[in-house]
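S.K.: model this:
(chains A, B, C and D)
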There are 2 protein chains.
Amino acid sequence: MVNSGPEITASPSLAGISIAAVERDTGLGKDTLRVWERRYGFPKPLRDACGERVYPAEQVEHLRLVKRLMDQGQRPGTLLRKPLAALSEQLAGSPSGVGADDTADWVIPLLKNRDVDHLRTEFAQRLARDGLERFVIETVPALNRRIGDGWMTGEIEIFEEHLYTELIQNQLRSSIYALASRGRRPHVLLTTVKDEEHLLGLLMVEALLTANGASCLSLGAQTPVADIIGACRGTTTDIVAISFSGAYPWRKARDTLLELRAALPERTELWAGGAALASRRRMVPGVRAIDDLRAITPALADWHATHTSGSHT
Amino acid sequence: MVNSGPEITASPSLAGISIAAVERDTGLGKDTLRVWERRYGFPKPLRDACGERVYPAEQVEHLRLVKRLMDQGQRPGTLLRKPLAALSEQLAGSPSGVGADDTADWVIPLLKNRDVDHLRTEFAQRLARDGLERFVIETVPALNRRIGDGWMTGEIEIFEEHLYTELIQNQLRSSIYALASRGRRPHVLLTTVKDEEHLLGLLMVEALLTANGASCLSLGAQTPVADIIGACRGTTTDIVAISFSGAYPWRKARDTLLELRAALPERTELWAGGAALASRRRMVPGVRAIDDLRAITPALADWHATHTSGSHT
DNA sequence: TAGTTGTTTTTGTCTAGGACAATATGACAT
DNA sequence: ATGTCATATTGTCCTAGACAAAAACAACTA
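M.R.: Numbers count the residues shown, from 1 in each chain, chains lettered A, B, ... in the order given. From the prediction side, this is the model:
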């Protein structure tokens, strides 16, 4: 058991943190961490008196960098054999890093100062000025990128990222609630297959849909296919929208979509979005690909066009 | 690897599910499941062609029951040696089961029918009728109990519980947002140390506080102590409120509180709540125990009393 | 050229039993 | 009633081997 949260106790944190804490902080599984050590020689944690791994902060940082590059599609075997310096360079030249996206820089000092009230005001004002649609499509993604980069470079701490997520989610939720028009069509069921960190993305989609007059039900993340089908049965769901994270294997995504398409009634549309599908040229028949937030509004317009004439004739 | 999500694919789910899926569904760690099998002979999963564990649905149900009773303070060693029938009896006689709490029965059929609109309306109406305070203190806990029991007995599915949580959280969030009065004192920082499933509880507390004129900042779950301290530095936080889940060891909770008390400025109050502290007779000096939702309003009143006179003299 | 299929390499997760520290329990002293 | 100690329970960590799923690459169609 050792110490399920060494960051709780003050003293041992100087030396390093336990494998469980690394799992929580980096998102890399315990088994994975051990097998990397065996295969690639990194990470190479110290050991405490009882032989248990103790990861110095430096290695945890390195792991974070690796994770970040893996999320961009790089492979562990390649990354773990390179020295730290080479990795930092790679990140600098990476798609997320290129944008001279100074537009979102203002958020950093506010976060560092824990200026919650100011942040809330700033979000609300920008939303009011630009409108929900532009806010979701431009501002929020820019902020997300800026925060992600800041976290990587150590500019901001994990906690500050949490704080940002919390505040921006609240802003979106309240906007959605204010706009929600119960009962209006289409009824959209929103969900994700792969877990975590995409809740914000889902919320962004929900905001766009709601702003365009749809009424949404978000099931959150991790909904099994059987439950999605179950949720539609006996209800008037018009569209099922699923988001696949970038890391989600294409083949599985395709199978999931095929299964869903077969199980859902024909009149229920199926929309698929997320990074996993962005590069795909051909989509599963009967499924609409939403490869960009901008694609949502036209897709909804199409639905309306089809269904106002369709239900009339 | 077998099948990281056997519930996704249709066919193999007939036989059973993988250890990873059981971990996700029951919350019991993989290591724990294996060591129980070794020590107590239960669970005793089948094996697939490659020797990997395959848990039949029946055993997963049994495990859920065990988990439920453990959450009530029972010990694994005792529970795992008893037959299934004995466990079901125990649950029937347990505190959660006793209440002839028919008041919340209405929620079940609505959930079974996926009658989302009706559920939303019902929540909103009851909230308007009883007021936020009574809604949070009476209605929501009754609903939670009813849902928990329904889940245990198989009356409702996991997905329906998710749906309930989603809807009730949305209701609370929008109420909080409507009431939020930025800048009013006291400023309360809300968080949890142990993860998941207590977000709803935290939201309930936030609702009560906001209803009584406090302005809250919820950091969500899993905030490390260092971050809590960091979050207070440089801000005008008047109260830090932490919730400890029932399973959280008392000793650790005490240490955490001691550490926080020492690190926070004296003028910042420290409130601790949650099942882990409910039975404790003595609290850490300088920490206020909130052992019931009802205790929140008087505690806030006390703060106001202290601080209006205190800041004057 | 674009898409499907088959082959090889990479990679994450599983398995086994042993170990041990953190917790709960119960007896005792204050 | 509350604190301290011994004892029992229990979750997590350890090692090292194995193998299926996924990615990358190659070959084959339309």
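
S.K.: how about low-confidence regions in the stretch 201-313 of chain A?
M.R.: Scanning the stretch 201-313 of chain A with the threshold set as pLDDT under 70 gives A:222, A:246-247, A:275-283, A:309-313.

S.K.: which residues touch whatever residue of it ends up closest to chain B?
M.R.: Residue of the stretch 201-313 of chain A nearest chain B, by C-beta to the nearest C-beta: residue A:227 (3.8 Å). All C-beta atoms are positioned from the backbone trio N, CA, C, and that covers glycine. By C-beta atoms under 8 Å, 6 or more residues apart in numbering or on different chains, the contact set of residue A:227 is A:219, B:157-159, B:162.

S.K.: How about residue A:133?
M.R.: A:208, A:211, A:297.

S.K.: so of these, which ones are in helices?
M.R.: Assignment to helices by DSSP state H places the following of these there: A:208, A:211, A:297.

S.K.: Quick one: buried ones out of those?
M.R.: Those of the ones in helices among the contacts of residue A:133 that meet the buried threshold are A:208, A:211, by 16 or more other C-beta atoms under 10 Å in any protein chain shown.

S.K.: now the ones in helices among the contacts of residue A:133 in CSV, with distance to residue B:36?
M.R.: Formatted as CSV, these follow (distance: C-beta to C-beta, whole Å):
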residue, distance to residue B:36
A:208, 47
A:211, 50
A:297, 52
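
S.K.: for the ones in helices among the contacts of residue A:133, which one is nearest DNA strand D?
M.R.: residue A:208 (27.9 Å; C-beta to the nearest atom of the strand).

S.K.: Point out where the stretch 1-150 of chain A drops to low pLDDT.
M.R.: Short version for the stretch 1-150 of chain A, where the test is pLDDT under 70: A:1-14, A:91-101.

S.K.: That one: helices as residue ranges?
M.R.: Counting by DSSP state H, counting those that start in this stretch, the stretch 1-150 of chain A has helices at residues A:19-26, A:30-40, A:57-71, A:76-81, A:84-92, A:95-98, A:107-112, A:116-130, A:132-134, A:140-152.

S.K.: can you check the stretch 151-300 of chain A too?
M.R.: Remark: helices assigned in the stretch 151-300 of chain A by DSSP H, counting those that start in this stretch are A:158-179, A:199-211, A:225-232, A:250-263, A:275-278, A:296-312.

S.K.: buried set for stretch A:238-247?
M.R.: A:238-245.

S.K.: would you list these in a markdown table and tack on distance to DNA strand C?
M.R.: Below are the buried residues of stretch A:238-247 laid out as a markdown table (distance: C-beta to the nearest atom of the strand, whole Å):
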| residue | distance to DNA strand C |
| --- | --- |
| A:238 | 28 |
| A:239 | 25 |
| A:240 | 23 |
| A:241 | 23 |
| A:242 | 20 |
| A:243 | 20 |
| A:244 | 17 |
| A:245 | 14 |
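
S.K.: one step back: mind checking the helices of the stretch 151-300 of chain A for the one nearest to residue B:129?
M.R.: Distance to residue B:129, taken as C-beta to C-beta, is lowest for helix A:158-179 among these, at 19.8 Å.

S.K.: Output the closest one as CSV - backbone C-alpha positions only.
M.R.: C-alpha atoms of helix A:158-179 as CSV (Å, rounded to 0.1, in the frame of the first residue of the first chain):
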residue,chain,number,x,y,z
ILE,A,158,-1.9,20.8,-13.3
PHE,A,159,-4.2,22.5,-10.8
GLU,A,160,-4.4,25.6,-12.8
GLU,A,161,-5.4,23.5,-15.8
HIS,A,162,-8.2,22.0,-13.6
LEU,A,163,-9.3,25.4,-12.6
TYR,A,164,-9.5,26.5,-16.2
THR,A,165,-11.5,23.5,-17.2
GLU,A,166,-13.8,24.0,-14.3
LEU,A,167,-14.5,27.6,-15.1
ILE,A,168,-14.9,27.2,-18.8
GLN,A,169,-17.2,24.2,-18.4
ASN,A,170,-19.4,26.2,-16.0
GLN,A,171,-19.6,29.0,-18.5
LEU,A,172,-20.6,26.6,-21.3
ARG,A,173,-23.1,24.8,-19.1
SER,A,174,-24.8,27.9,-18.1
SER,A,175,-25.0,29.2,-21.7
ILE,A,176,-26.5,25.9,-22.7
TYR,A,177,-29.1,26.0,-20.0
ALA,A,178,-30.0,29.6,-20.9
LEU,A,179,-30.6,28.6,-24.5
